[in-house]
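> what would the 3D arrangement of this be:
(one chain, ligands or ions: 1)
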Amino acid sequence: MDKGSDKDTDKRAVPVTRRRFLGLGVGSVAGVVALGYVGLAFDFLNPPPAGAEPLREVGQTGDFNVNEPRLVTYKGNGIEQGVYVINLGAEGWLALDFHCTHLQCAVNWVGSVNKFMCPCHGGVYDIRGHVLSGPPPRPLYHRVIKIQGNSVMVGGRQA
Ligand code: FES
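Residues are numbered from 1 along each chain as shown. Next up is the predicted model:
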């Protein structure tokens, strides 16, 4: 009985050599550094929250045809921002961040099918940013949008 259980114990025991110990240490440090970079990338790609940046003018109301989302880009907080401005006619205005909610690729409006398509993994959204198919876990982020006179103003992410 004892011989058998000693054998089992020996099979499970993994000797920690210097090489293995150093390998685990280097691997752990690399993992922590990688997580830090992922966090920075997430901050970089996600739209800034409302109030984190001022409203800015991106065009005049006449520049946006009804039901034809138009991408506007600008530099905000030193980062290139992309927002689809959508004139929904009698239903008002909408601003959607152009980052896919799966892994942050830039989505494209494809007018021939009236959908936003993500080129990375096939995510598809409708004109209001709702997910129609593919891996995105949630709708496109809404950005603040205000019409002041004839000026179209956009800001950070809505809560
Ligand atoms: S990043 Fe858009 S579907 Fe994956």
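> use CA for all of it now, contacts and neighbours both
Fine.
> and the lengthiest strand in the chain, what other elements does it pack with?
As assigned by DSSP state E, the longest strand anywhere in the chain is strand 79-87. The helices and strands touching strand 79-87, judged by 3 or more CA pairs under 8 Å, 6 or more residues apart in numbering; DSSP states H and E, are strand 70-76, strand 93-97.
> can you redo these as CSV with mean pLDDT and mean neighbour count?
CSV is the format used below for the helices and strands packed on strand 79-87 (pLDDT from 0 to 100; neighbours: other CA atoms under 10 Å):
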stretch, mean pLDDT, mean neighbour count
strand 70-76, 91, 15
strand 93-97, 98, 24
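> to Leu140, which of the ones you listed lies closest?
Of all the helices and strands packed on strand 79-87, strand 93-97 sits nearest to Leu140, with 6.2 Å by CA to CA.
> near the ligand, anything from the closest one?
No. If you take CA under 6 Å from any ligand atom as the test, strand 93-97 misses the ligand, and the best it gets is 12.7 Å.
> buried stuff in the helix or strand just after that strand?
Next along the chain after strand 93-97, taking DSSP states H and E as the criterion, comes strand 108-110. By 16 or more other CA atoms under 10 Å, the buried positions in strand 108-110 come out as 108-109.
> give the next helix or strand downstream of strand 108-110.
Remark: after strand 108-110, the chain's next helix or strand is strand 115-117, criterion DSSP H and E.
> show the subsequent helix or strand relative to that following strand.
Next along the chain after strand 115-117, taking DSSP H and E as the criterion, comes strand 124-125.
> contacts for the helix or strand following that following strand?
Next helix or strand after strand 124-125 toward the C-terminus (DSSP H and E): strand 131-133. Under the contact criterion CA atoms under 8 Å, 6 or more residues apart in numbering, strand 131-133 has outside partners 122-126, 137-140.
> the ligand contacts on this protein?
100, 102-105, 118, 120-123, 135-136.
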